[in-house]
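# Starting from these lines, generate the structure:
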Amino acid sequence: MAGDPLAARLAEIAVAPDAEKHRLRQRCVETFAADARYRGDERFARVWLALAAASPDPGAVFDAMARHRVGESLALVWVARAFVAEKAKKFADADALFARGLELNAAPKDLLVKRRREFERRMRRHWLNQQAPVVPREPPTPPRSVDEDATATATQVLALHRAAAPSQPFAIFDEANATAGSVDGAAPASTFAIFDDDAGGVADEQAAAAGGV
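Take a look at the predicted model:
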C-alpha cells in the first residue's frame, strides 16, 4: 500500500464505526484533494459522493470536487450531479450536466447515455402532465337508503351496501415515483441515491459502505 496511500484510508473507513465514517471521509478528501493521482479514481470519487449524500448542501461538495477536478472523467459523478439538480427541479442544469459529462467523454459512456435518456423521458412526462387539463370530478351520488324503499329485495340491499363502501384508490405504478431523482417523486429531500443496476455505479450510502468508503 506504500504506492497507494488512498487504499489504507479506504480500509480504515471500511472498518470504522458508522459514527466515525463521516469524519474519516472528510479527512480523506482533505488529504488527497490535490493529489493528481486520484482525480479520476472512482474509489476517491465515491468518498466525495458519500459526503455529498450526508450533506444538506450537496452542491457545495460538488463545487469542491470541480475545483480539484475530482471525478470529471467519471460518468458516475455527472449522473450524481444531474440527479441532485433534478431533485431541486433545476431541470436545465441537470440537462447541462449530462451534456458536459458527454462532452468530456466521461466513462462509462453507456451509463451516462442511459441516465440521460431516462431523464429526458421523465421530462417529457412532466411536460405532458403540466399540459394536461384538470377535469373537475363530480361528487358521488349518495347511496339510497333501504328505508327509502321498503320493497327492496335482498339483492338490492346487498347492492346498496356495496355502493356505500368507500372506493379504494387505484394505484398506478409510476416509474417517476419509483426512482430516486424523479421529477414527481415524493422521496424526502435528504434522499441521495444513484441507481445504476447495470454498471454498478451506485453512489448512495449503502453502496459507498459496500465499496469500502
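# check contacts around His68.
His68 sits next to Ala33, Ala34, Arg39 when contact means C-beta atoms under 8 Å, 6 or more residues apart in numbering. Where you see a C-beta, it was placed from the backbone N, CA and C, and this is true even at glycine.
# so, if you compare those, which one comes nearest to Leu102?
Arg39 (18.8 Å; C-beta to C-beta).
# which helices and strands does the longest helix along the chain pack with?
Longest helix in the chain by number of residues (criterion: DSSP state H): helix 109-131. Applying 3 or more C-beta pairs under 8 Å, 6 or more residues apart in numbering; DSSP states H and E, we find helix 109-131 packed against helix 75-87, helix 91-103, helix 175-178.
# To Lys114, which of these lies closest?
helix 75-87 (9.1 Å).
# Next, the angle from the closest one to helix 109-131.
10 degrees (axes from the mean of the first three to the mean of the last three C-alpha atoms, to 10 degrees).
# Run a quick check on Ser55 versus Phe62, I expect a contact.
No: here Ser55 lies out of contact with Phe62, judged by C-beta atoms under 8 Å, at a distance of 9.6 Å.
# Looking at the two, which is more packed in?
Ranked by neighbour count (other C-beta atoms under 10 Å), Ser55 and Phe62 place Phe62 first, with 23 against 15.
# Tell me where the model's unsure across the chain.
1-2, 132-136, 138, 140-213 (pLDDT under 70).
# And the helices in it?
Using DSSP H, helices in the chain cover 5-15, 18-32, 42-54, 58-67, 75-87, 91-103, 109-131, 154-164, 175-178, 205-210.
# Tell me which of those helices approaches Pro139 most closely.
For the helices of the chain, proximity to Pro139 was assessed by C-beta to C-beta; helix 154-164 is nearest, at 14.2 Å.
# rewinding a little: pick the most buried one from the helices and strands packed on helix 109-131.
helix 75-87 (a mean of 26; mean count of other C-beta atoms under 10 Å).
# So which other helices or strands are in contact with that one?
Helix 75-87 packs on helix 42-54, helix 58-67, helix 91-103, helix 109-131, going by 3+ C-beta pairs under 8 Å, 6+ apart.
# In CSV: these, plus distance to Ile13.
What follows is the helices and strands packed on helix 75-87, written out as CSV (distance: least, C-beta to C-beta, whole Å):
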stretch, distance to Ile13
helix 42-54, 8
helix 58-67, 16
helix 91-103, 26
helix 109-131, 25
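# Need the winner for burial among these.
Of the helices and strands packed on helix 75-87, helix 42-54 is the most buried (mean count of other C-beta under 10 Å), at a mean of 23.
# I'd like to know which elements that one is packed against.
Contact here means 3+ C-beta pairs under 8 Å, 6+ apart; on that basis helix 42-54 packs against helix 5-15, helix 18-32, helix 58-67, helix 75-87, helix 205-210.
# any chance of those in CSV, plus distance to Arg124?
Formatted as CSV, the helices and strands packed on helix 42-54 follow (distance: least, C-beta to C-beta, whole Å):
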stretch, distance to Arg124
helix 5-15, 40
helix 18-32, 37
helix 58-67, 26
helix 75-87, 14
helix 205-210, 29
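# For Phe98, which non-adjacent residue is closest in space?
Arg116 (4.1 Å; C-beta to C-beta, 6 or more residues apart in numbering).
# so how far is Met123 from that neighbour?
Distance of Arg116 to Met123, given as C-beta to C-beta, to the nearest Å: 10 Å.
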